[in-house]
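Participant: Predicted structure and sequence below. I'll ask about it afterward.
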Number of protein chains: 2
Amino acid sequence: MKEIKKISLIGAGNVATHLAKTFVDAGKEITQVFSRDFHRARELAIKCEAVPVDIISGISQEADLIVISVSDDALVEVVGQLKVGNTLVVHTSGSVSMDVLKPLGENIGVFYPLQTFSKERDIRFNEVPLCLEAGSMGNLELLKTLAISITEKNYFIDSEQRKKLHLAAVFACNYPNYLYSIAEKLLEENGLSFEMMKPLIVETAEKAKAISPSKAQTGPAFRKDKKIIDKHIRMLSDNNDFREVYELLSKKIMGLTSSQ
Amino acid sequence: MKEIKKISLIGAGNVATHLAKTFVDAGKEITQVFSRDFHRARELAIKCEAVPVDIISGISQEADLIVISVSDDALVEVVGQLKVGNTLVVHTSGSVSMDVLKPLGENIGVFYPLQTFSKERDIRFNEVPLCLEAGSMGNLELLKTLAISITEKNYFIDSEQRKKLHLAAVFACNYPNYLYSIAEKLLEENGLSFEMMKPLIVETAEKAKAISPSKAQTGPAFRKDKKIIDKHIRMLSDNNDFREVYELLSKKIMGLTSSQ
């Protein structure tokens, strides 16, 4: 059976970089790396013993898979310039439909890792859920085999579902991080170390793995403890942003029990 | 030097239960357990080989420490009924001033574990920050020695600072959990498993340990990607609560870069 061995990358950002490392660790060969920023292409290419490419038409059609891992906005532009022949090509975006790749032909798909990637942190890819989609069963099978070589968790997710996942991920990742940053600021302002908050943050996340968050809700708003809530709102009187966030979320949480 | 060996507990809820187990593990003796709900007092007393007490006046003054671990509202009532003599007495609340214990005399303090406790989960107490306060240096030293026997992390925190900590904890724990529950609901509604979201939730929390959350912010709102934000808001059109939360948080995050 056909297998994906040679992979080219378009994009050299966080997702591309983490994927490249993971593919190499799984015994795959990264053939070429393209980035609009040639310096970044070269940097990543060196790491994974690939050839850096400085124009997109330089991407060869000899790879088994071309992975486009660029910002959603750049995706359309890349698709407009790319020639892939019969090579299977996927994007890695949570919020963009597979159809965006249709101008490239029939051999298209999506390879979306549901995780937050940053330069500073190593990610153990074997715990990252990979969301797969493809225009044909054959290509889906190919992507699945590739996914299995790097993670235990792969899911077949169509474009509509993937958009919901991406939306849910905003609530599960981006927004909690913003709330952490509010906590951080409040502590700083009061001469307290954010260090103190870390065990609580990690336990809250770990708890969500063990207990359904909708059943694990605690805190003044859930107890409808209006005395504390009013105190907290007064403590936030000098910061409209934090106060508004506190007010809305406490209101929504207080509404939970009455609507259930 | 004096040392705390015998401890009595007033309250048999989550905090009291976790503390009792931790004290016993550290070689302390739990002498008595009081709860308004005698069944719960007995249940906890059996676990830690203590004597359950069904009226608060039955609490003996022979312990080295009395720990009051009840809801904030019940605290004043307990203080009104308790006789402690010269025994050191502490409460475990984040949001209540030490002064609430003043009617009990001079030997008062606070022993506030900054963590979320639930029946279903074991907590490794050696990673829990303990916030200590006392009315005298001698009692503070006593509490510190007790704290050191169960955790590496102890902090001297006065009542004003503790209230700020508690407020920050709402942002770092209760509110993220509510956002997790929104993610959970969105996935359920679309036939997707919340399981998929767990690695992302844990990595987001772990990342906050390594990188300042204010520097780790990502997502559509942080990129000011209005196209995606509008799409997401439309996807939430059938749920006013979720939509309002999405709108407010995306607005606040978009404001971050412009105000910095």
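Facilitator: All right, it came through fine.
Participant: least trustworthy helix or strand in chain A by mean pLDDT?
Facilitator: Within chain A, no helix or strand scores below helix A:240-259, which has a mean of 90 by mean pLDDT, DSSP states H and E.
Participant: Can you give me the pLDDT of residue A:166?
Facilitator: pLDDT recorded at residue A:166 is 97.
Participant: For it, which non-adjacent residue is closest in space?
Facilitator: residue A:94 (3.3 Å; C-beta to C-beta, 6 or more residues apart in numbering or on different chains). All C-beta atoms are positioned from the backbone trio N, CA, C, and that covers glycine.
Participant: Please list all residues in contact with the residue at the greatest distance from the centre of chain A.
Facilitator: For chain A, the residue at maximal distance from the C-alpha centroid (C-alpha atoms, centre = their mean) is residue A:227, at 39.2 Å. Applying C-beta atoms under 8 Å, 6 or more residues apart in numbering or on different chains, we find residue A:227 in contact with residue B:72.
Participant: tell me the phi and psi of it?
Facilitator: phi -60, psi -50 (degrees, to the nearest 10).
Participant: what about the closest residue to residue A:157 other than its chain neighbours, how many residues close to it?
Facilitator: The shortest distance from residue A:157 to any non-neighbouring residue, by C-beta to C-beta, 6+ apart, is to residue A:131 (4.0 Å). As a burial measure, residue A:131 scores 24 neighbours (other C-beta atoms under 10 Å in any protein chain shown).
Participant: what's the helix or strand for residue A:131?
Facilitator: Secondary-structure assignment from DSSP states H and E places residue A:131 in strand A:130-134.
Participant: Run through who's touching that strand.
Facilitator: Here strand A:130-134 has contacts from A:88, A:90, A:94, A:98, A:108-114, A:140, A:142-144, A:147, A:150-151, A:153-159, A:162, A:165, B:196, using C-beta under 8 Å, 6+ apart.
Participant: Filter these down to just the buried residues.
Facilitator: Taking 16 or more other C-beta atoms under 10 Å in any protein chain shown as the criterion, what is buried in the contacts of strand A:130-134 is A:88, A:90, A:94, A:98, A:108-114, A:142-144, A:147, A:150-151, A:153-155, A:157, A:162, A:165, B:196.
Participant: Filter the residues you listed down to the ones in helices?
Facilitator: A:142-144, A:147, A:162, A:165 (DSSP state H).
Participant: Switch the residues you listed over to JSON lines; also include distance to chain B.
Facilitator: JSON lines is the format used below for those (distance: C-beta to the nearest C-beta, whole Å):
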{"residue": "A:142", "distance to chain B": "22"}
{"residue": "A:143", "distance to chain B": "17"}
{"residue": "A:144", "distance to chain B": "16"}
{"residue": "A:147", "distance to chain B": "14"}
{"residue": "A:162", "distance to chain B": "10"}
{"residue": "A:165", "distance to chain B": "6"}
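Participant: need these in CSV with distance to residue B:17, can you?
Facilitator: Shown next, in CSV, are those (distance: C-beta to C-beta, whole Å):
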residue, distance to residue B:17
A:142, 53
A:143, 48
A:144, 46
A:147, 43
A:162, 43
A:165, 37
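Participant: In terms of residue numbering, what are the domains of chain A?
Facilitator: Per the record, chain A has its domains at A:6-157, A:163-259, by automatic domain parsing.
Participant: between these, which gets nearest to residue B:127?
Facilitator: Minimum separation from residue B:127 across these (C-beta to C-beta) falls at domain A:163-259, 5.0 Å.
Participant: show me the residues around the residue of the stretch 51-200 of chain A found nearest chain B that make contact.
Facilitator: Here the stretch 51-200 of chain A gets closest to chain B at one residue, residue A:174, 3.1 Å apart by C-beta to the nearest C-beta. Applying C-beta under 8 Å, 6+ apart to residue A:174 gives the contacts B:217-222, B:253.
Participant: Among those residues, which ones lie close to chain A?
Facilitator: The subset of the contacts of residue A:174 within reach of chain A, by C-beta under 8 Å from any C-beta of the partner chain, is B:217-222, B:253.
Participant: For my notes, please list these in CSV and give secondary structure and distance to residue B:191 for each entry.
Facilitator: CSV is the format used below for the ones next to chain A among the contacts of residue A:174 (DSSP: H, G, I helix; E, B strand; the rest coil; distance: C-beta to C-beta, whole Å):
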residue, secondary structure, distance to residue B:191
B:217, coil, 30
B:218, coil, 27
B:219, coil, 24
B:220, coil, 24
B:221, coil, 27
B:222, coil, 29
B:253, helix, 29
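Participant: of all those, which comes closest to residue B:32?
Facilitator: Closest to residue B:32, out of all of the ones next to chain A among the contacts of residue A:174 and judged by C-beta to C-beta, is residue B:217, at 49.1 Å.
Participant: hang on, isn't residue A:245 packed against residue B:247?
Facilitator: No: between residue A:245 and residue B:247 there is no contact under C-beta atoms under 8 Å: 11.7 Å.
Participant: Which of the two has more residues huddled nearby?
Facilitator: residue A:245 (23 against 15).
Participant: From residue A:202, how far off is the more buried one?
Facilitator: Distance of residue A:245 to residue A:202, given as C-beta to C-beta, to the nearest Å: 22 Å.
Participant: Repeat that for residue A:144.
Facilitator: In this view, residue A:144 and residue A:202 are 33 Å apart by C-beta to C-beta.
Participant: Go ahead and name everything in contact with stretch A:93-105.
Facilitator: With C-beta under 8 Å, 6+ apart, stretch A:93-105 has contacts from A:68, A:72, A:75-76, A:79-80, A:82, A:84-86, A:89-91, A:108-110, A:112, A:114, A:131, A:133-135, A:159, A:162-163, A:165-166, A:169, B:220, B:228, B:231.
Participant: can you tell me the distance between the two ends of that stretch?
Facilitator: End-to-end distance of stretch A:93-105 (C-alpha to C-alpha, to the nearest Å): 18 Å.
Participant: mean confidence for that stretch?
Facilitator: 96.
Participant: Any buried residues in it, and which?
Facilitator: Using 16+ other C-beta under 10 Å as the test for burial, stretch A:93-105 gives A:93-98, A:100-101, A:104.
Participant: got it, and stretch A:58-69?
Facilitator: Across stretch A:58-69, burial judged by 16+ other C-beta under 10 Å covers A:59-60, A:63-69.
Participant: now residue A:83, what's its secondary structure?
Facilitator: Secondary structure, DSSP: H, G, I helix; E, B strand; the rest coil: residue A:83 is coil.
Participant: so residue A:172 touches residue B:203, yeah?
Facilitator: No: counting by C-beta under 8 Å, residue A:172 stays clear of residue B:203, with 10.3 Å between them.
Participant: who's more crowded, these two?
Facilitator: Shown here are residue A:172 and residue B:203; by other C-beta under 10 Å, residue A:172 has more neighbours (32 against 21).
Participant: distance of residue A:196 from residue B:157?
Facilitator: Computed as C-beta to C-beta, the residue A:196 to residue B:157 distance reads 9 Å.
Participant: got the buried residues for whichever strand or helix holds residue A:7?
Facilitator: According to DSSP H and E, residue A:7 maps onto strand A:6-10. Within strand A:6-10, the residues scored as buried using 16+ other C-beta under 10 Å are A:6-10.
Participant: what residues does it touch?
Facilitator: Strand A:6-10 has contacts (C-beta under 8 Å, 6+ apart) with A:16, A:19-20, A:23, A:28-35, A:44, A:50, A:56, A:59-60, A:62-70, A:78, A:82.
Participant: Please report the number of neighbouring residues for residue A:139.
Facilitator: Neighbours of residue A:139 under the rule other C-beta under 10 Å: 21.
Participant: likewise residue A:27?
Facilitator: Close neighbours of residue A:27, defined as other C-beta under 10 Å, add up to 8.
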